[in-house]
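*Asks:* Here is my input, please return the structure:
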Amino acid sequence: MLIQVTRNLQIDDSDLEEFFTPATGPGGQNVNKVSTAVQLRFNLAANTTLPEPLKARLAALAGKRLTNTGILIVEAEEHRSQLRNREAAREKLFTLIREATVVPKTRRNTKPTKASKTRRLDAKSRRSSIKRLRNSID
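*Replies:* Down below sits the predicted model:
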């Protein structure tokens with residue numbers, strides 16, 4: 001089954017693996033009995049639905065969440081229920097993928113204009129004359 005991430009980007013549900021662990025924090029009597037924290041694993045290296053440039057940007061955005069074997073790990077334990085944590089982990093992953101779809105603008109080197117050079121040099125000479133006048137008084 002394909003999951004729609006953006007309007008024209010989908011990932012296969014079989015690419016996602018979920019592991020459940022006991023969560024830290026609030027939970028009352030359930031905290032030691034129920035595994036509500038979710039660790040969502042997405043195998044970025046083996047994924048075939050995402051284009052390579054997107055994978056590279058996603059790997060850069062993932063940072064420490066990407067393992068040496070190319071698996072992206074997203075964790076969620078904000079909520080007390082396992083279902084809400086599953087949804088939160090998936091939303092974190094999809095948000096990360098959406099951020100990676102934005103292609104950064106390439107920076108073009110520009111030369112300063114003649115007017116900006118003149119302004120800079122005028123300011124320098126004004127400052128220089130102020131300092132020169134200070135010295136002559138002493």
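*Asks:* In a helix, Gln10, correct?
*Replies:* No - when DSSP: H, G, I helix; E, B strand; the rest coil is applied, Gln10 is found to be strand, with no helix at that position.
*Asks:* okay but it is in contact with Leu50, surely?
*Replies:* No - with contacts counted by Cβ atoms under 8 Å, Gln10 stays clear of Leu50, the gap being 9.4 Å. Backbone N, C-alpha and C define where each C-beta goes, glycine included.
*Asks:* ok, those two, which is more surrounded?
*Replies:* Leu50 (21 against 14; other Cβ atoms under 10 Å).
*Asks:* gap between that one and Thr101?
*Replies:* 10 Å (Cβ to Cβ, to the nearest Å).
*Asks:* Just give me the neighbour total for Leu72.
*Replies:* Using other Cβ under 10 Å, Leu72 is surrounded by 22 other residues.
*Asks:* can you check Glu78 too?
*Replies:* If you count neighbours by other Cβ under 10 Å, Glu78 ends up with 15.
*Asks:* Surely it forms part of a helix?
*Replies:* No - looking at Glu78 with three-state DSSP, it is coil, so not inside a helix.
*Asks:* With adjacent residues omitted, what lies nearest to it?
*Replies:* Take Glu78 and drop its neighbours on the chain: the residue closest to it by Cβ to Cβ, 6 or more residues apart in numbering is Ala88, 5.8 Å away.
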